[in-house]
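> predicted structure and sequence below. I'll ask about it afterward.
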Amino acid sequence: MGKITFYEERNFQGRSYECMSDCADMSSYLSRCQSCRVESGCFMVYDRNNYMGNQFFMRRGEYSDFMNMMGMSNGIRSCRMIPMHRGQFRMKIYERENFGGQSHEMMEDCDNIMDRYRMSDCQSCNVMEGHWLMYEQAQYRGKMMYVRPGEYRSFRDMGMSGMRFMSMRRIMDMC
């Protein structure tokens, strides 16, 4: 079970909201959110309501200033708790939307799909097992997107227009 506490101001000041599950809209609890403490578990936080916009992975620790640390000018608007997965990890990535083009099944982290699979882009995927982070740049850098078991036919339709995912990492017991 995860636990995260959000604060209206930087450096853990102002009103706070303690959360132990998904929250699609934090505005009913806080007028804004500028810092947080993750006491246990892992979370994805989003700069827009309903798990939209820029995403950031957070594990146990203190995050005193989102604007400077992550470029989140609007602060956090929603969050999703990432459940721990203890089994195998499997994901099939596709070069094009709607599971088109070249495809490869992954069971481990991949720091560069171009080098490993000769794929220049990943625009859809099917996550069979586990929880994953997908990154727009090789070596797990740049903007990221959290995916859990399910079909993702079009990243563009999910609000990730213009993003190319070039590396993928499993979310393991590191929380």
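Done, it's in.

> helices of this structure, start to end?
Per DSSP state H, the chain carries helices over the ranges 66-70, 113-117.

> pick out the shakiest of those helices, pLDDT-wise.
Mean pLDDT is lowest for helix 66-70 among the helices of the chain, at a mean of 68.

> any idea which helix or strand in this protein has the lowest mean pLDDT?
Lowest by mean pLDDT, DSSP states H and E among the helices and strands of the chain is helix 66-70, with a mean of 68.

> pretty sure Ile76 is touching Asp47, no?
Yes: counting by C-beta atoms under 8 Å, Ile76 touches Asp47, with 6.7 Å between them. For every residue, glycine as well, the C-beta is placed using N, CA and C.

> more neighbours, the two?
Neighbour count, other C-beta atoms under 10 Å: between Ile76 and Asp47, Ile76 has more, with 27 against 20.

> excluding its backbone neighbours, what's nearest that one?
Cys33 (4.2 Å; C-beta to C-beta, 6 or more residues apart in numbering).

> with Pro83 instead?
His131 (7.2 Å).

> contacting residues for that neighbour?
Ile82, Pro83, His85, Tyr146, Val147, Arg148, Pro149, Arg170, Ile171 (C-beta atoms under 8 Å, 6 or more residues apart in numbering).

> tell me what the spatially most central residue of the chain is bridged to.
For the chain, the residue nearest the mean C-alpha position is Tyr146 (3.3 Å; C-alpha atoms, centre = their mean). Beta-bridge partners recorded for Tyr146 (DSSP bridges): Leu133.

> what pLDDT is listed against it?
Reading off the model, Tyr146 has pLDDT 96.

> so it touches Gly130, yeah?
No: counting by C-beta under 8 Å, Tyr146 does not reach Gly130; the two are 11.7 Å apart.

> mutual contacts of those two, please.
Ile171.

> ok, back up a step: distance of the residue nearest to Pro83 from Arg32?
28 Å (C-beta to C-beta, to the nearest Å).
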